[in-house]
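>>> need a 3D model of the sequence below.
(4 chains)
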There are 2 protein chains.
Amino acid sequence: MVPPKRGPAAVKWQPIPRTRAYELVIKRIEEQITSGVLSVGDQLPAERDLAAALGVSRAAVREAMRAMEAQGVVRSGAGVGPDSGTFLTSMPSKALTQFLRLHMALANFPIDDVLETRIMLERRSARLAARQASASDLATMSRLLDEMDAETGDLAVFNELDTDFHVAMAEAAHNTLITEMTTAIRHSMRSMVLASFREHGDWPELAATLRGQHRAIYSAIAVGDQPGAADTVEAHLRSANDVLHWGAGGHED
Amino acid sequence: MVPPKRGPAAVKWQPIPRTRAYELVIKRIEEQITSGVLSVGDQLPAERDLAAALGVSRAAVREAMRAMEAQGVVRSGAGVGPDSGTFLTSMPSKALTQFLRLHMALANFPIDDVLETRIMLERRSARLAARQASASDLATMSRLLDEMDAETGDLAVFNELDTDFHVAMAEAAHNTLITEMTTAIRHSMRSMVLASFREHGDWPELAATLRGQHRAIYSAIAVGDQPGAADTVEAHLRSANDVLHWGAGGHED
DNA sequence: ACTTTTCTTTGGTCTGACCTTTACAAGGGA
DNA sequence: TCCCTTGTAAAGGTCAGACCAAAGAAAAGT
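This is a model prediction of the structure:
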């Protein structure tokens, strides 16, 4: 312990929280949202006006917009008309996708942890879908399966349909958060999956395997077999993860 | 269909994707991360230098930093020294917390969906913790329970310990993504929970109930009862959700 | 040797200008 | 009259340059 040379005893000076201007802008907007003044679809004042109203520079307002845009709650467009100006919006999966991409690239989220999370999400989706999927939910999933049967050449299109099927299953569970997370995980791994598709030796056989597994998932959901749907989807995800060995050299454990 | 008055037949002019400067900055940084040149802990060039190197203005670089900061992958500090400059970091839960707060405020995520997601996350955590919790994991949880017993007056401190207990359980499951999500959900609901605590009539009784439920969860985990741990934690979350009737008027369904 | 001052670097903020996009209004020719 | 061109205004997008604030380092003074 070093006793202070000056000052009355050990006064604890808690440092002033130096808040940046753009954070204050976000805070003000968040207050308007929480108090119900602003909601999704509403237009924010023009950047110049908002800057003047809050007593900060336009740059501070713009930095706040970029941060909120990164969170998927704001959308901006230039010009005049219905798509111009800054609006409160709701695009969570876009934000989550970028979030996951960055953190996976930085190795903050190990690939195995992401897989286990996916399994947790999709097991729950499959179970809920088997319990409560509506006729239109099932029709959507069935249509996507047919489209996957028809798509034989383009790997990217096939993968889009694959993703759409899993998202449709999540939507059948009717939980917004789980749906958005599922969508984001799939999208954030898009390029990885495509690369693995291309590296795979026997594409027709892989496609046939995937189609069969998807059909099995669909069947379990359609007949309302909750545990069966969950187990089938987990088997599908683990199988796909094994077949599509990530990275350049495959597993090394 | 409106045929064009001029031009050779129906030429499809695909519009030029006008990408904003700050998005290009992010793209460049992401490339450096993906290619392994940059990783967590590394320092980015000074804003002025980076702007010059990429051929954009400093404002564009700063907007990119704000967006990446909102994703929890960048940290900035002024001055000279170890904490000054801009660094790649890993603070996902901070970003996820803000993300959830904003989207919940905008009613993009219904409260029931968040609850069900929490149950899914914590059931999985409890199950995994019961299977593989280490001695130090259990010690941490046990210590938090004791601290909660000692805390009788300050609701905020009690709630912090409550949150820490749930996070400790998630950490015992050793899945980074699930841990971060659990942390973020708890933190994003902090003010709501505190308000409910204060509105509750009989605090000592509520605290006793919560303590008992936490002890039950801990016991199931300590003895390795995986289904029991999952069910106990779900019961705890549903019970707490019922007792702490959100909003001003309570449930109305 | 110790303290004080000055310097330098880096993010934080502000100002003001100009560009780009988009709709709409004004004008001019067939 | 009708259509097309042209201008105008409003909004975000971009840029340049200046200055402020923080924090360590080096220089100066005691």
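
>>> for chain A, what helix or strand is lowest in average pLDDT?
helix A:190-199 (a mean of 92; mean pLDDT, DSSP states H and E).

>>> send the alpha carbons of that helix over as PDB?
The C-alpha coordinates for helix A:190-199 follow below in PDB (Å, rounded to 0.1, in the frame of the first residue of the first chain):
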ATOM      1  CA  ARG A 190     -22.600 -20.300 -46.100                       C
ATOM      2  CA  SER A 191     -19.200 -19.900 -47.700                       C
ATOM      3  CA  MET A 192     -17.700 -22.700 -45.600                       C
ATOM      4  CA  VAL A 193     -20.500 -25.100 -46.600                       C
ATOM      5  CA  LEU A 194     -20.200 -24.200 -50.200                       C
ATOM      6  CA  ALA A 195     -16.400 -24.800 -50.200                       C
ATOM      7  CA  SER A 196     -16.900 -28.100 -48.600                       C
ATOM      8  CA  PHE A 197     -19.600 -29.100 -51.200                       C
ATOM      9  CA  ARG A 198     -17.100 -28.300 -53.900                       C
ATOM     10  CA  GLU A 199     -14.300 -30.200 -52.300                       C
END
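
>>> which helices and strands does it pack with?
helix A:155-172 (3 or more CB pairs under 8 Å, 6 or more residues apart in numbering or on different chains; DSSP states H and E). C-beta here means a position set from N, CA and C on the backbone, and glycine is covered the same way.

>>> between the helix or strand just after the helix it packs on and helix A:155-172, how many degrees?
Next along the chain after helix A:155-172, taking DSSP states H and E as the criterion, comes helix A:176-188. Orientation check (axes from the mean of the first three to the mean of the last three CA atoms, to 10 degrees): helix A:176-188 against helix A:155-172 gives 170 degrees.

>>> ok now helix A:176-188, how far from the chain's centre?
Distance of helix A:176-188 from its chain centroid, counting by CA atoms, centre = their mean, to the nearest Å, is 4 Å.

>>> does any part of that helix sit near chain B?
Yes - shown here: helix A:176-188 in contact with chain B (CB under 8 Å from any CB of the partner chain) through A:176, A:177, A:178, A:181.

>>> identify the residue spatially nearest to the residue nearest in space to the middle of chain A, adjacent ones excluded.
Residue closest to the average C-alpha location in chain A (CA atoms, centre = their mean): residue A:184, at 2.4 Å. Excluding the flanking residues, the one nearest residue A:184 by CB to CB, 6 or more residues apart in numbering or on different chains is residue A:96, at 3.4 Å.

>>> for that neighbour, grab the count of nearby residues.
For residue A:96, the neighbour count with other CB atoms under 10 Å in any protein chain shown is 25.

>>> ok, now the one 5 residues further on?
Other residues lying near residue A:101 total 21 when counted by other CB under 10 Å.

>>> dump the residue contacts of it.
Contacts for residue A:101 (CB atoms under 8 Å, 6 or more residues apart in numbering or on different chains) come out as A:188, B:30.

>>> tell me the first helix or strand C-terminal of the helix or strand harbouring it.
Using DSSP H and E, residue A:101 sits in helix A:92-105. Using DSSP H and E, the helix or strand that follows helix A:92-105 in sequence is helix A:111-132.
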